[in-house]
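1. coords please:
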Amino acid sequence: MTTWNLVLLIALIALVAVLYAANRFMKTFFWRITFCLVPLFLAAVAVGAATYRYDRGEGGFKLGVDLVGGTILVYEVDPSKELQANYKPEQLAAALKRRIDPNDLKNVTIRPVSNTRVEIILPT
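-> Next up, the predicted model:
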């Protein structure tokens, strides 16, 4: 029996024990306690399973740039300057992508945020 299975078994036994005690000693609150504890138990199982998979390198959580490390840059085009008539932020993002990471080796994400802003995400 793995550690994860043992923890899950103990948590399930604790949940059943609490629900049994609530049914025996607080019958009027049993369903209220059940409706609160069962979703919490299921959420804890989901987080525990994701943590277990993440620790083993099999997936689990998908961490963002803020947790993994990296940099988010936001460039803004000055709207007071005269822009070309056919300016599109998607074209600016594509041109920046070709200059910064032409072969897509560094996994740089460049996307337009608004009509005047482009966001560049540089992972570590």
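2. Would you tell me what the next helix or strand after the helix-or-strand element of the chain with minimal mean pLDDT is?
-> Every helix and strand of the chain was ranked by mean pLDDT, DSSP states H and E. The lowest is helix 65-68, at a mean of 74. Following the chain from helix 65-68 toward its C-terminal end, the next helix or strand by DSSP states H and E is strand 70-76.
3. Mind listing residues that contact that following strand?
-> Contacts with strand 70-76, where a contact means Cβ atoms under 8 Å, 6 or more residues apart in numbering, come from 65, 96, 113, 116, 117, 118, 119, 120, 121, 122, 123, 124. Every residue, glycine included, has its C-beta placed from N, CA and C.
4. What sits closest to the first one if chain neighbours are left out?
-> Right, residue 65. For residue 65, the nearest residue in space outside its immediate sequence neighbours is residue 121; the separation is 5.5 Å by Cβ to Cβ, 6 or more residues apart in numbering.
5. Over to the second one?
-> With Cβ to Cβ, 6+ apart as the criterion, residue 96 has its nearest non-adjacent residue at 5.2 Å, and that residue is residue 110.
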